[in-house]
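# pasting the sequence and the predicted coordinates here, then a few questions.
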Amino acid sequence: MTTGYFLVTHGSSDPAAAQQLHDLVTLARTLYPREIVSGGCLEGLAQSLTEQLLNFGQYVGTDAQIKVIPLFLLPGAHVCEDLPMAVQLANQTSGFEWFELNSYLGQHPDIVTKLAQKFAQFPSDRRILVSHGSKLPAAQQMISSLATQLGAVPAYWSIEPKLASQLACPEPVTVLPYFLFPGKISRAIAAEVANYSHAQITDLPFTLRDLVDLSLLHPLQDRDSQQVQSQLQHPSSQITETETRALHGRTST
């Protein structure tokens, strides 16, 4: 069965958001040329996400399975409500289970490592992990847990505690903005940090290559593992030892 991968970003009326999606999909196709990859936005485009999914499905074909991969960091309303609703509607409209919603990017096990590496590049006495924030308790708990693992304190753009309150302590501090792409909020955070002589701010924690690999590598490894198991369970479909090793050994380059 053919598998397609559809990367979903938040999107915005800012043209830069569409360009970021374009760059992301272009790099994904370059790094994984054998895979069928496209992408869309939850907001900011003329078509709804459901319409974008159905268009991609028509391109891939009705015999395909399409993995919908949300590039979101927190389990806020978009992840918990809007995305599942859009995927469900796309399946209902198509008449069969065409689309499968994968876990969102913020659940990836390598996120903590990426953030720790970024903090390590900017040593200081204190650390602040600042994110957009959400009123949903699960999102707040996730940031609090991440901050604890990183030896940091949490701060938010949209809810308390705000960044200003965490910057009040005069000790040298490093601020890490927990965002996927640069935008108005990340620029505003950088401007706010610049007002405090004892504070420094890191660049965003993920490169475009990081986002592609974090989004696609695990789904591809899972698919390859399933293919190996299927071949082993059906000996009539021949698979060599070399092919088995190749499938199990897929790593990022």
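Alright, I've got the coordinates.

# where along the stretch 151-253 of the chain do the helices fall?
Applying DSSP state H, counting those that start in this stretch to the stretch 151-253 of the chain gives helices spanning 163-166, 184-193, 208-233, 241-248.

# for those, which has the smallest mean pLDDT value?
Of all the helices of the stretch 151-253 of the chain, mean pLDDT reaches its minimum on helix 241-248 (a mean of 43).

# mind showing which ranges of this structure have poor pLDDT?
By pLDDT under 70, the weakly predicted segments of the chain are 221-253.

# tell me how many other residues crowd the closest residue to Gly106 other than its chain neighbours.
Of all residues not flanking Gly106 in the chain, Leu73 sits nearest, at 3.9 Å (C-beta to C-beta, 6 or more residues apart in numbering). To be clear about C-beta, it is placed using only N, CA and C from the backbone, and glycine gets the same treatment. Per other C-beta atoms under 10 Å, the neighbour tally for Leu73 reads 25.

# one more: Gly95?
Residues near Gly95, counting by other C-beta under 10 Å: 8.

# tell me the contacts of it?
Residues near Gly95 by C-beta atoms under 8 Å, 6 or more residues apart in numbering: none.

# ok, Gly183 next?
Ser12, Asp14, Ala16, Ala17.

# was I right about the residue nearest to Gly106 contacting Val130?
No. In this structure, Leu73 is not within contact of Val130 by C-beta atoms under 8 Å, at 12.0 Å.

# list residues touching both of these two?
Counting by C-beta under 8 Å, 6+ apart, the shared contacts of Leu73 and Val130 are Tyr178.

# on that earlier part again, the residue nearest to Gly106 and Leu42, how far apart?
As judged by C-beta to C-beta, to the nearest Å, Leu73 and Leu42 stand 14 Å apart.

# what do you get for Phe72?
Taking C-beta to C-beta, one finds Phe72 at 9 Å from Leu42.

# now the common contact residues for these two.
What both Phe72 and Leu42 touch, as defined by C-beta under 8 Å, 6+ apart, is the set Val8, His10, His78, Leu83.

# so who does the second one touch?
Think His10. Ala17, Cys41, Leu42, Glu43, Leu71, Phe72, His78 are the contacts of His10 under C-beta under 8 Å, 6+ apart.

# run the last query once more with 6 Å
His10 sits next to Leu42 when contact means C-beta atoms under 6 Å, 6 or more residues apart in numbering.

# repeat that for the third one.
Listed by C-beta under 6 Å, 6+ apart, the contact partners of His78 are Leu42, Phe72.

# can you check Val212 too?
Val212 is in contact with Leu27, Ala28, Leu31, counting by C-beta under 6 Å, 6+ apart.

# which ones among those lie within helices?
Using DSSP state H, the subset of the contacts of Val212 located in helices is Leu27, Ala28, Leu31.

# rebuild these as a markdown table, extending it with neighbour count and distance to Phe206.
Below are those laid out as a markdown table (neighbours: other C-beta atoms under 10 Å; distance: C-beta to C-beta, whole Å):
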| residue | neighbour count | distance to Phe206 |
| --- | --- | --- |
| Leu27 | 17 | 12 |
| Ala28 | 23 | 14 |
| Leu31 | 16 | 15 |
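
# relative to Ser103, which of these is nearest.
Ala28 (17.5 Å; C-beta to C-beta).

# correct me, but the closest one touches Glu35?
No. Between Ala28 and Glu35 there is no contact under C-beta atoms under 6 Å: 7.6 Å.

# the shared contacts of Phe72 and Leu42 in helices, which ones?
When DSSP H defines the helices, the subset of these inside them is Leu83.

# can you tell me which of the shared contacts of Phe72 and Leu42 is nearest Ala139?
Closest approach between the shared contacts of Phe72 and Leu42 and Ala139, by C-beta to C-beta: His78, at 10.3 Å.
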